[in-house]
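**Student:** Predicted model and sequence follow; I will ask about them next.
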2 protein chains.
Amino acid sequence: MSFSRRDFLMRVGQAGGFGAAFITMQHLGLMPMPEALAETGLELAAGGGTKVVILGGGIAGLVAAYEMGKAGYSCTVLEARKRPGGRNFTVRNSTKIEFTDGTVQTANWDDSSYFNAGPARLPSIHKTMLGYCKELGVPLEVEVNTSRSSLLQNDDAFGGKAIEQRQAINDTRGHVSELLAKCIQSNALDQQMTKEDHERMLAFLKIYGDLQPDYSYTDSERSGVDKLPGAGPDDEVLRAPLAMHSLLDADFWQGMMYEEIFDMQATMFQPVGGMDRIPYAFAAKLGDIVQYGCPVKEIRKTTNGVKVSYADPSGAVKMIEADYCICALPITILKNIPNDFSPRVKQAIAEVGYDHAYKVAWESRRFWEQDYNLYGGLGFVVKGPVNMLWYPSAKIFSENGVLIAGYGVENQSDFAKLPDIQAKFEASRAAAEKLHPGHGHELKNPMYMNWGMMPYNLGSWVGAAPNFVRNRRAGYYDGAYKEFIQPDDRIFFSGDHCSRIIGWQEGAALASHRATRMISEHVKMARLAGSTTTHDA
Amino acid sequence: MSFSRRDFLMRVGQAGGFGAAFITMQHLGLMPMPEALAETGLELAAGGGTKVVILGGGIAGLVAAYEMGKAGYSCTVLEARKRPGGRNFTVRNSTKIEFTDGTVQTANWDDSSYFNAGPARLPSIHKTMLGYCKELGVPLEVEVNTSRSSLLQNDDAFGGKAIEQRQAINDTRGHVSELLAKCIQSNALDQQMTKEDHERMLAFLKIYGDLQPDYSYTDSERSGVDKLPGAGPDDEVLRAPLAMHSLLDADFWQGMMYEEIFDMQATMFQPVGGMDRIPYAFAAKLGDIVQYGCPVKEIRKTTNGVKVSYADPSGAVKMIEADYCICALPITILKNIPNDFSPRVKQAIAEVGYDHAYKVAWESRRFWEQDYNLYGGLGFVVKGPVNMLWYPSAKIFSENGVLIAGYGVENQSDFAKLPDIQAKFEASRAAAEKLHPGHGHELKNPMYMNWGMMPYNLGSWVGAAPNFVRNRRAGYYDGAYKEFIQPDDRIFFSGDHCSRIIGWQEGAALASHRATRMISEHVKMARLAGSTTTHDA
């Protein structure tokens, strides 16, 4: 049969548009995705003025415009706010946080104070974002995500006294090592290991748990001291170990293992001066490609492209036509924008709900540094509505700093049940007081961020839900996710929700790399097919 | 009996000098050491011009002069070298390292390159040194001592392939948790725990080891991935876990547990631009109190003080008399200086030997950052003469940096057996090549430091020896240590070897706090006894 591949693809193209041909080609294995991209460099087909309208000026939208611009596409970014960055939002003196319910907070802070209300750390494995910081000249500094001096507290253990992580971590390992050594010595594991490994396991456990020669765990300098060593006769005084039974009561496990979460492992970074240095660096490169104060009102398909209505800063409704659309708006926002999406996409949009991440930030004397020798890192409070304290890595050793007392998913916690913002501030202060008794009163000028209450966001990220499985082992492909990662005719979705790295800028950037690559392939295909991809309006 | 305390003390003073009276008072409990000092603030008796000669311008000598100067003592520091700092020594472009055997190396480096040949990190528990950095205005930055991306390698395991710390650490914990869960499930520990704890231990181990519902350890994202997650269908690919048997072969334990050494725990710091910012900041405050190029030639006692001969920068022998001496020279150097020390001190000096710490530093493209996503931290090589790589925390993300390939105690390692400096460089390069195959050739312009070969040091710190027990559990007081922590008439010893924090600047600073405090008490006692403490020369 002389039915060629090209004939076949042309027919698919005619029947279902180039999106269908493109997907078909991928399924046929004719056009595999490039296996690996250079960290920040994409090779896109020359745009030749092909028009692309990009909805949303968060990291996804900015990355798409930046990369497509390099390749000669003619991009317009419609951004509802008067600033770039979306959830990448740094609060400084005089910054306003305005909620959907009309609540307005204005930071009345020192000029040196800031907090990253959205993303606040860059793991070293997030090569794409680190690459952009390098390319755009955004200086980075170490974000201290792990400190052995940080604290863990549970009202129901150790009389409510906060415990240093060094002690919880190393006493736990000591007990575990002692228990396992006992089992090995009593031959309980002889089925599992050779005689040689039996001996080697004991030798290993002695180092691992800092055990005594008889394999008992009695104490360890790793767990910290009651009195630091000094000069002359000033001996250090080791701590008595925490009992395993009490550690089980304390249930510090989630806090203790936080540092081992793949995305949370040292070394981590932050831009010097605030995370929003990144979107502002993109914005500086993009200039008037980004149109601020322009919320999207309607998304329509045309025969060979898209047509998007938006309000301009004066409130007047404008319309833009383009060959392609990259839709990098939150799914929550798409629920309320009239559109021509196909039924499968509309259904997916309807199914997905977002989490409402929150943070509470305070100005304070750095009592955690000055009185606790605690520099950066995370503290954990097991009981109560506020479970995490996050100490600043910026300007360590300066007099004052911004302490995050409360970071979590509000809709999954008791924090949501608190009646008003004042009660939330008091719960936040109370959590700080649990880790640092007598210091709660030093917290001043609080600012509360709840992404669920932010216009143009209405949520922080896709929530854990059966319709959008986030568990890696269960597989992401179940549910709505698969609808957002394929184009809807000339509309290509982007954002962290189109990646396996939900809630991180890296996911947003990679999703836009993929969307731009798909459009580029589409343009190539269309040229191959002799069609014009340049919008003729 | 009317024999008063003061009478008694006067008689002791007459018989044995004020040193004896002072020691006696301490033994009587009449003059306890102040329990805790403010981190960097000492309250000393007003010096009123009392003359103190301080031998050695390392951290101990500088701290002593700085604190005594504040209190009105008239200090002179004799420093053999033309720079302050002693072992606190930062090598930059054109810095010379000159060994006792005549070897001279000169750094031919970029102006942005440096390495700290002596101390290179400040743990957050070293409050005294952090306090001085604050007081003297020395800016600090985070020193990354722990990175989950850093590497561990053993020729005899995993085919010699380097393993990421995240994998070694988390696979080990996974296996340990699985094994212990098996023992608990088979009731091997029923004697050790209640039924309730039995259940709670299983729940804990599931989180601790990232175990499956059946308590098996099959894999964990904590251990890193073979393929990072991406956008669209780009799933991450988890690593197959390393087998416990192979981990036992690899014997990574010392490297894995390094981050838990009390002094090595995050958060750690370094001065921006080099550790020697600290001694230079002291030196700037002290001005001509520090006399450079003045090696000590002789230390003699006088009736009420000391007399020290030294060579001045022209080589002429000079003499200085003072009421007190703080001797902050290395013990190795004291061996060769004629002195009037009492027999117990001479004996102690003869007994003590020093370790010879070494470092090898190279300029290089930052391949560890650019090709390995490895930012700061320590890598470990189990087999061979060079066992540690230390990646720079300074100027992360810049093009080139200084890599330490080899840091250890030369006299305790096979590194000492290498025939010459060229062989040492090649061993150093080979260790880097083991962790980073194909990159050894990128190492350039090596500099080798061996503190055992440095004039005016002849060693890095007191070696582990029966005559100077360093093991905290065994007790420091055995052997020579106790001779250095008490004065010899008007001579008070200082340096890290007079502290429980050997090999750290903190120990040197605290030892000088103690020495200055002892002198201050001596001055007070002398005034109380109606004697003059001002040298009458």
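**Tutor:** Everything's here; your move. Numbers count the residues shown, from 1 in each chain, chains lettered A, B, ... in the order given.
**Student:** residues from the stretch 1-150 of chain A in reach of chain B?
**Tutor:** A:33, A:124-125, A:127, A:130, A:133-134, A:140-142, A:144, A:146-149 (CB under 8 Å from any CB of the partner chain). For the C-beta atoms, the positions are set from N, CA and C on the backbone; glycine is no exception.
**Student:** Drop anything exposed from the residues you listed.
**Tutor:** Taking 16 or more other CB atoms under 10 Å in any protein chain shown as the criterion, what is buried in the residues of the stretch 1-150 of chain A next to chain B is A:33, A:124-125, A:127, A:130, A:133-134, A:140-142, A:144, A:146-149.
**Student:** Among those residues, name the ones in helices.
**Tutor:** A:127, A:130, A:133-134 (DSSP state H).
**Student:** okay, the residues you listed in TSV with pLDDT and distance to A:Phe367 next?
**Tutor:** Listed next are those as TSV, based on pLDDT from 0 to 100; distance: CB to CB, whole Å:
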residue	pLDDT	distance to A:Phe367
A:Lys127	96	37
A:Leu130	97	33
A:Cys133	98	32
A:Lys134	96	36
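**Student:** Point me to the residue of the stretch 401-537 of chain A nearest chain B.
**Tutor:** Relative to chain B, the nearest point of the stretch 401-537 of chain A is A:Arg500 (3.5 Å; CB to the nearest CB).
**Student:** number of nearby residues for that residue?
**Tutor:** Neighbourhood size, A:Arg500 [other CB atoms under 10 Å in any protein chain shown]: 24.
**Student:** Strands of the stretch 51-200 of chain A, start to end?
**Tutor:** Per DSSP state E, counting those that start in this stretch, the stretch 51-200 of chain A carries strands over the ranges A:51-55, A:74-78, A:90-92, A:96-98, A:104-106, A:114-116, A:122-123, A:140-143, A:151-153, A:163-164.
**Student:** wait, which of those strands is closest to A:Ala423?
**Tutor:** strand A:104-106 (15.1 Å; CB to CB).
**Student:** what's in contact with that closest one?
**Tutor:** A:94-98, A:447-448 (CB atoms under 8 Å, 6 or more residues apart in numbering or on different chains).
**Student:** out of these, who's nearest chain B?
**Tutor:** Closest to chain B, out of all of these and judged by CB to the nearest CB, is A:Met447, at 25.3 Å.
**Student:** SS state for that closest one?
**Tutor:** strand (DSSP: H, G, I helix; E, B strand; the rest coil).
**Student:** count of residues packed around it?
**Tutor:** With other CB under 10 Å as criterion, A:Met447 counts 23.
**Student:** For the nearest residue to it once chain neighbours are set aside, list each beta-bridge partner.
**Tutor:** Nearest residue to A:Met447 in three dimensions, chain neighbours excluded: A:Ala361, at 4.9 Å (CB to CB, 6 or more residues apart in numbering or on different chains). In this entry, A:Ala361 is beta-bridged to A:Ile404, A:Met447, by DSSP bridges.
**Student:** who are the neighbours in contact with A:Ala361?
**Tutor:** A:91, A:115, A:117, A:402-405, A:446-447, A:449.
**Student:** Now find how far off-centre the helix or strand where A:Glu321 lies is within its chain.
**Tutor:** Assessed by DSSP states H and E, A:Glu321 sits inside strand A:317-322. Centre-to-centre, strand A:317-322 and its host chain are 32 Å apart (CA atoms, centre = their mean, to the nearest Å).
**Student:** And stretch A:62-69, by the same measure?
**Tutor:** 20 Å.
**Student:** do the same with stretch A:312-326
**Tutor:** That offset, for stretch A:312-326, works out to 29 Å (CA atoms, centre = their mean).
**Student:** again with stretch A:119-139
**Tutor:** Using CA atoms, centre = their mean, the offset of stretch A:119-139 from its chain centre is 13 Å.
**Student:** related to what we said a few turns ago, least confident of the residues of the stretch 1-150 of chain A next to chain B?
**Tutor:** Across these, the smallest pLDDT goes to A:Met33, namely 37.
**Student:** May I see the contacts of A:Ala361 organised as CSV, with distance to A:Ile333 and pLDDT added?
**Tutor:** Output for the contacts of A:Ala361, formatted as CSV (distance: CB to CB, whole Å; pLDDT from 0 to 100):
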residue, distance to A:Ile333, pLDDT
A:Val91, 21, 98
A:Phe115, 24, 98
A:Ala117, 18, 98
A:Val402, 29, 98
A:Leu403, 31, 98
A:Ile404, 26, 98
A:Ala405, 29, 98
A:Pro446, 28, 98
A:Met447, 23, 98
A:Met449, 18, 98
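**Student:** which residues does the residue nearest to A:Leu389 when sequence neighbours are not counted contact?
**Tutor:** Distances taken as CB to CB, 6+ apart place A:Gly379 nearest to A:Leu389, at 3.8 Å, with adjacent residues excluded. Shown in contact with A:Gly379 (CB under 8 Å, 6+ apart): A:150-153, A:162, A:255, A:388-391, A:435.
**Student:** can you list the weak-confidence ranges in the stretch 251-400 of chain A?
**Tutor:** By pLDDT under 70, the stretch 251-400 of chain A contains no weakly predicted segment.
**Student:** what about the strands in it?
**Tutor:** A:268-271, A:290-291, A:296-302, A:305-311, A:317-322, A:324-327, A:354-355, A:357-365, A:378-381, A:388-390, A:400-409.
**Student:** how is chain A carved up into domains?
**Tutor:** A:33-81+A:292-351+A:465-528, A:91-149+A:265-276+A:357-453, A:164-250 (automatic domain parsing).
**Student:** could these be laid out in JSON lines, adding distance to B:Phe158?
**Tutor:** Listed next are the domains of chain A as JSON lines, based on distance: least, CB to CB, whole Å:
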{"stretch": "domain A:33-81+A:292-351+A:465-528", "distance to B:Phe158": "24"}
{"stretch": "domain A:91-149+A:265-276+A:357-453", "distance to B:Phe158": "21"}
{"stretch": "domain A:164-250", "distance to B:Phe158": "16"}
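**Student:** Among those, which comes closest to B:His513?
**Tutor:** Among the domains of chain A, domain A:164-250 sits nearest to B:His513 (CB to CB), with 6.6 Å.
**Student:** Are that closest one and chain B in contact anywhere?
**Tutor:** Yes: interface with chain B: domain A:164-250 contributes A:166, A:169-170, A:172, A:176-177, A:179-180, A:182-183, A:186, A:188-189, A:192-193, A:197, A:200-201, A:204, A:207-208, A:221-222, A:224-225, A:228-236, A:238, A:244-245, A:248 (CB under 8 Å from any CB).
**Student:** thinking again about what came up before, of the contacts of strand A:104-106, buried ones?
**Tutor:** With burial judged by 16+ other CB under 10 Å, the buried subset of these is A:95, A:97, A:447-448.
**Student:** Closest one of those to B:Ile326?
**Tutor:** A:Met447 (51.6 Å).
**Student:** Dump stretch A:369-384 to CSV, restricted to CA.
**Tutor:** Provided in CSV are the C-alpha atoms of stretch A:369-384 (Å, rounded to 0.1, in the frame of the first residue of the first chain):
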residue,chain,number,x,y,z
GLU,A,369,19.5,33.7,66.6
GLN,A,370,20.5,35.8,69.6
ASP,A,371,19.0,33.6,72.3
TYR,A,372,18.9,30.2,70.7
ASN,A,373,21.8,30.0,68.3
LEU,A,374,19.3,29.1,65.6
TYR,A,375,20.1,30.3,62.1
GLY,A,376,17.6,29.4,59.4
GLY,A,377,15.8,26.1,59.2
LEU,A,378,12.4,24.9,60.1
GLY,A,379,10.7,24.3,63.5
PHE,A,380,7.8,22.0,64.0
VAL,A,381,4.8,22.1,66.5
VAL,A,382,2.9,18.8,66.5
LYS,A,383,-0.3,19.8,68.2
GLY,A,384,-2.5,22.8,67.4
